[in-house]
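Trainee: sequence and predicted structure are below.
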Amino acid sequence: IVAMYLGYVTLIDEQIGRVLAALDDLGLADETAVFFSADHAGFVGSHRLADKGPAMYDTIYHIPLLVRLPGEGLAGAVCDDFVTLMDLTPTYLDLAGAPAGADGRPGMDGRSIAPPLRGQRPAGWPEEVFLQFHGHHFPYPQRGIRTRTHKLVINPADIDELYDLTADPYELHNLAGHPAYAGVARDLARRLYRH
């Protein structure tokens, strides 16, 4: 499974390389923003699973987002701010000079990530990211909230999950119901339900 996955990654890398080379050949690289992402990641053996599914582990939800902005000079920079796929459309609009983001554009929950991509951290940038799975092909809806240090997953049809991501980055020890984490669970649940 791991070898097959690495083969797919290699194939995708080669195809992205072809696109970038074509931009260079056409003289468009200096005026073209390039974004690469995915809709989800895969288990590839973690948690003894091979594919994807109704589980809110980082191995599924922490997806790649690679960006090249023309003329920015930030090659190799890493931004670890929380962003979601809903932020991409407002970002595209922002880069094109159109109004964008949750700051007034009707029907759009995302926000432009152009400032963090340029090394800026706007005031009020989220300190958490919200997760959702509607159960469309598995009858198993979930909701979750992830901060830099903890993750709470609400499983209406099963046991909830709470992970201390500092002590347990691979999410192997469910702390839901653990008395020492009751305050963390309450705070995260409040934030999740408010959202």
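Mentor: Structure's in. What do you need? The structure presented is a predicted model; accordingly, all values stated were derived computationally and were not measured.
Trainee: give me the residue ranges of this structure where confidence is low.
Mentor: For the chain, applying pLDDT under 70 flags the ranges 73, 99-107, 137-138.
Trainee: mind listing the helices for it?
Mentor: Per DSSP state H, the chain carries helices over the ranges 2-25, 58-61, 88-95, 114-117, 182-194.
Trainee: need the ones you listed in a markdown table with mean neighbour count and distance to residue 147, can you?
Mentor: In this view, the C-beta of every residue, glycine as well, is placed from N, C-alpha and C. Putting these into a markdown table (neighbours: other CB atoms under 10 Å; distance: least, CB to CB, whole Å) gives the following:
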| stretch | mean neighbour count | distance to residue 147 |
| --- | --- | --- |
| helix 2-25 | 11 | 28 |
| helix 58-61 | 18 | 12 |
| helix 88-95 | 18 | 22 |
| helix 114-117 | 20 | 17 |
| helix 182-194 | 14 | 7 |
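Trainee: now those helices as a markdown table including distance to residue 80?
Mentor: Shown next, in a markdown table, are these (distance: least, CB to CB, whole Å):
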| stretch | distance to residue 80 |
| --- | --- |
| helix 2-25 | 21 |
| helix 58-61 | 13 |
| helix 88-95 | 17 |
| helix 114-117 | 9 |
| helix 182-194 | 20 |
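Trainee: for those helices, which one sits closest to residue 69?
Mentor: Closest of the helices of the chain to residue 69 is helix 114-117, at 6.0 Å (criterion: CB to CB).
Trainee: so residue 30 makes contact with residue 71?
Mentor: Yes: using CB atoms under 8 Å, residue 30 makes contact with residue 71 at a distance of 6.6 Å.
Trainee: one step back: now for the helices of the chain, which one comes closest to residue 130?
Mentor: helix 182-194 (6.8 Å).
Trainee: helices or strands up against that closest one?
Mentor: Judged by 3 or more CB pairs under 8 Å, 6 or more residues apart in numbering; DSSP states H and E, the packing partners of helix 182-194 are strand 142-146, strand 150-154, strand 161-164.
Trainee: please identify the most buried of these.
Mentor: Among the helices and strands packed on helix 182-194, ranked by average contacts under mean count of other CB atoms under 10 Å, first place goes to strand 150-154 (a mean of 23).
Trainee: could you export that one as CSV, CA atoms only?
Mentor: C-alpha atoms of strand 150-154 as CSV (Å, rounded to 0.1, in the frame of the first residue of the first chain):
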residue,chain,number,x,y,z
HIS,A,150,-6.1,19.4,20.9
LYS,A,151,-8.8,17.8,18.7
LEU,A,152,-12.3,17.0,19.7
VAL,A,153,-14.5,14.8,17.5
ILE,A,154,-18.2,14.5,18.1
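Trainee: stretch 170-180: which residues count as buried?
Mentor: 171, 175, 176 (16 or more other CB atoms under 10 Å).
Trainee: with distance to residue 193 added, can I get those residues in CSV?
Mentor: Output for the buried residues of stretch 170-180, formatted as CSV (distance: CB to CB, whole Å):
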residue, distance to residue 193
171, 22
175, 19
176, 16
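Trainee: ok so, going back, can you put the helices and strands packed on helix 182-194 in TSV and add distance to residue 37?
Mentor: Output for the helices and strands packed on helix 182-194, formatted as TSV (distance: least, CB to CB, whole Å):
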stretch	distance to residue 37
strand 142-146	17
strand 150-154	21
strand 161-164	24
